[in-house]
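> Structure for this input, please:
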Amino acid sequence: MRPTSESWHPDFATGSQSSPLPTAYYPLPRYYLFMKKVILIVSLLIVLMLFSVGLWVYFAFLYTKPLSRAELAQLTPDWSVVTHGNWSPWFTKADGTTEWNPAASFNAWVATVPEEDKAWPMLVDLKYANLDLFDTKNICELPDARSSWEEVMDVLDVKKNAQVMSLLKDALQRPVLGCGLYVSNDPVEHETRVRYGLEDQDWDSSLQAQNQSLLDTQFPAIRTLHTMIKVFGLYAGYQLELGDVDEFIELMTVLMESSRFSDEFPFLINQLFSLGIESLATEHISWALDRYPGMFDDSHLVLLDQLVARHQHRTFLWQGEAIGFHDSIRRVVDDKGSLKMAGARTLQGGGGSFNTPTNLPDIELHASTQRTLYAYNKMLAQAQVESSSSLMINGMSATQILESEKRKLNNLGSLLLDMLPPVVDQASERFRQLQQSSVNLRLTIAAHRHALRHGQMHESNETIDEDLLPD
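Alright, predicted model coming up:
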């Protein structure tokens, strides 16, 4: 039987017959081989592109250059500058273990201070016992050349409130303010409000034992002291009107020295409030010398000069602001101490959903966290330099240093720094302004002493006796 054409193929070289070849062995078209190469090349290019993008994302968003050994040595500030050895950011719990909990540590120290040494309980009691007197709507300025004491007397009512001012004077001389850090009202203010039959909608006892972030805590002494200090200053000024120069100087001394209270927990806002107290005292002394120049003898002027000199060289205490930033950053990292985007969202929300802080030592935090903290420290340290006119140097400002350090961070670290920027430039300017005001006031005092010595005012600052000039 003759094979069919489908199963039989002649071997043209030998004329013999052979079996049919499998289809896979047939020669492939050239275009198919070409397309296979193109697909392979495109695939490789896509892989390389994805790898490059991933590498860029890693270095732009995730990678942070680790700190050098010298930088690591500067990572942890000297917290004793802030705590004065009384407390620590690390709190020892009842079981002997430690955790990062600055608010609890501070409050535990406050609880150990004898009650007779604390100003806060007295201040709060005076506030609620005399709400009409310490009402901010009633506060006015000291009278100038165009006004009289009538408006001030409507606020002071000296005969009625002389005892209140005496108690306030006593409170402001206590060695410790003794106001705790709490998310709601502190227990002292809450108990005082209850005692005077007032509601306390800001009280939440359930928050007292939690590990609260410093960004969420309150320092109520600022708003309480603000009004009381203003009234106290008016009262001091009125003592001159009554002819009691010694009492005025004593009250001015108490007023200015009370600025130390804000240093118990020196956040930037507290330090600026402290500056406000000193500025108020400086303005009152300048006002007194201008309005009652003939009432001061040389001994009075010496006392005033010494008082102003003690506060002339105040500078920004950068570690106070750093502790708040370290606390916030420790609450937005993961359990390995690494910055995460969820932390940025927490800060965007105002800090109300802060996590419990990590208890890892600074040296064990992730490089992204370490460099973020280091950059902030470095910026604040420069702000302290800028806050003193006598230490001003040419070079990068605090803001410029921060921008320079941000280039060494990943995008997340840079974003977190942008979310918690202290207004250091304006703060440094406030410190320098107070220093210059103090210098000007001391020159004024020197001029008055010169006039007492020679019977007439000086012609220029250069003619004031050299021994009377401030250092």
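
> okay but Val194 is in contact with Pro187, surely?
No - in this structure Val194 lies outside contact range of Pro187 using C-beta atoms under 8 Å: 10.4 Å. Any C-beta I mention is one placed from the backbone N, CA and C, and that applies to glycine too.

> The two: which is more packed in?
Comparing Val194 with Pro187 by other C-beta atoms under 10 Å, the one with more neighbours is Pro187, at 15 against 12.

> and the longest helix anywhere in the chain, what's its mean pLDDT?
If you go by DSSP state H, the chain has its longest helix at helix 424-454. Averaging pLDDT along helix 424-454 gives 91.

> One more: stretch 253-261?
Across stretch 253-261, the average pLDDT comes to 96.

> Distance across it, terminal residue to terminal residue?
One end of stretch 253-261 to the other measures 14 Å (C-alpha to C-alpha, to the nearest Å).

> So which bits of it are buried?
Judged by neighbour count (16 or more other C-beta atoms under 10 Å), stretch 253-261 contains these buried residues: Thr253, Val254, Leu255, Met256, Glu257, Ser258, Ser259, Phe261.

> Which of these lies at the shortest distance from Ile277?
Set against Ile277, the nearest of the buried residues of stretch 253-261 by C-beta to C-beta is Ser259 (4.1 Å).

> thinking again about what came up before, and the buried residues of stretch 253-261, which of them are in helices?
Among the buried residues of stretch 253-261, the residues falling in helices (DSSP H) are Thr253, Val254, Leu255, Met256, Glu257.

> Spatially nearest residue to the second one, not counting backbone neighbours?
Here the nearest residue to Val254 in space, its sequence neighbours aside, is Leu172; by C-beta to C-beta, 6 or more residues apart in numbering that works out to 5.1 Å.

> How many residues are close by that neighbour?
Applying other C-beta under 10 Å, we find 22 residues neighbouring Leu172.

> Grab the nearest non-local neighbour of Ala171.
Nearest non-adjacent residue to Ala171, counting by C-beta to C-beta, 6+ apart: Met122, 3.9 Å away.

> if I look at the residue nearest to Val254, how far off is Glu250?
11 Å (C-beta to C-beta, to the nearest Å).

> now Lys408
In terms of C-beta to C-beta, Lys408 sits 53 Å off from Glu250.

> How far off centre is stretch 435-452?
Relative to its chain's centre, stretch 435-452 lies at 33 Å (C-alpha atoms, centre = their mean, to the nearest Å).

> how far does stretch 109-117 stretch from start to finish?
Calculated as C-alpha to C-alpha, the first-to-last residue distance of stretch 109-117 is 13 Å.

> pLDDT averaged over that stretch, what's the number?
For stretch 109-117, mean pLDDT rounds to 96.

> Name the residues of that stretch that are buried.
Buried residues in stretch 109-117 (16+ other C-beta under 10 Å): Trp109, Val110, Val113.

> Assign Ala108 to helix, strand or coil.
Secondary structure, DSSP: H, G, I helix; E, B strand; the rest coil: Ala108 is helix.

> ok, it - contacts?
Taking C-beta atoms under 8 Å, 6 or more residues apart in numbering as the criterion, Ala108 is in contact with Trp87, Phe91.

> next one: Val333
Leu339, Lys340, Gly343, Thr358, Leu365, His366, Thr369 are the contacts of Val333 under C-beta under 8 Å, 6+ apart.

> repeat that for 10 Å
Going by C-beta atoms under 10 Å, 6 or more residues apart in numbering, Val333 touches 339-340, 342-343, 355, 357-358, 360, 365-366, 368-369, 372.

> Restricted to helices, list these.
Ala342, Gly343, Ser368, Thr369, Thr372.

> Which single one of those residues is nearest to Gln384?
Of those, the one sitting nearest to Gln384 (C-beta to C-beta) turns out to be Thr372, at 19.5 Å.

> so where's the stretch 1-150 of the chain uncertain?
1-29, 31, 51-63 (pLDDT under 70).

> any chance you could map the helices in it?
Under the criterion DSSP state H, counting those that start in this stretch, the stretch 1-150 of the chain contains helices at 30-57, 69-73, 80-83, 102-112, 120-129, 150-156.

> where's the residue nearest in space to the middle of the chain relative to His311, distance?
Centroid-nearest residue in the chain: Glu321, 3.4 Å away (criterion: C-alpha atoms, centre = their mean). Look at Glu321 and His311: by C-beta to C-beta, they are 20 Å apart.

> For Glu465, give me its contacts.
Heads up, residue 465 is Asp, not Glu. Contacts of Asp465 by C-beta under 10 Å, 6+ apart are Ala446, Arg449, His450, Arg453, His454, His458.

> Please indicate which of the residues you listed are buried?
Buried members of those, scored by 16+ other C-beta under 10 Å, are Ala446, Arg449, His450, His458.

> Of these, which is the nearest to Met153?
Arg449 (32.1 Å).

> That closest one touches Leu303, doesn't it?
No - using C-beta atoms under 10 Å, Arg449 makes no contact with Leu303, being 11.7 Å away.

> joint contacts of these two?
Phe296.

> how near is Leu126 to Ile269?
Taking C-beta to C-beta as the measure, Leu126 falls 23 Å from Ile269.

> And these two? Which one has more around it.
When neighbours are counted by other C-beta under 10 Å, Leu126 and Ile269 differ, and Leu126 comes out ahead with 20 against 16.

> quick one: the more buried one and Thr224, what's the gap?
In this view, Leu126 and Thr224 are 9 Å apart by C-beta to C-beta.

> Now for those two: what residues contact both?
What both Leu126 and Thr224 touch, as defined by C-beta under 10 Å, 6+ apart, is the set Phe134.

> wait, what's in contact with Asn161?
Asn161 neighbours (C-beta under 10 Å, 6+ apart): Asn130, Asp132, Leu133, Val155, Leu167, Leu168, Val231, Tyr235.
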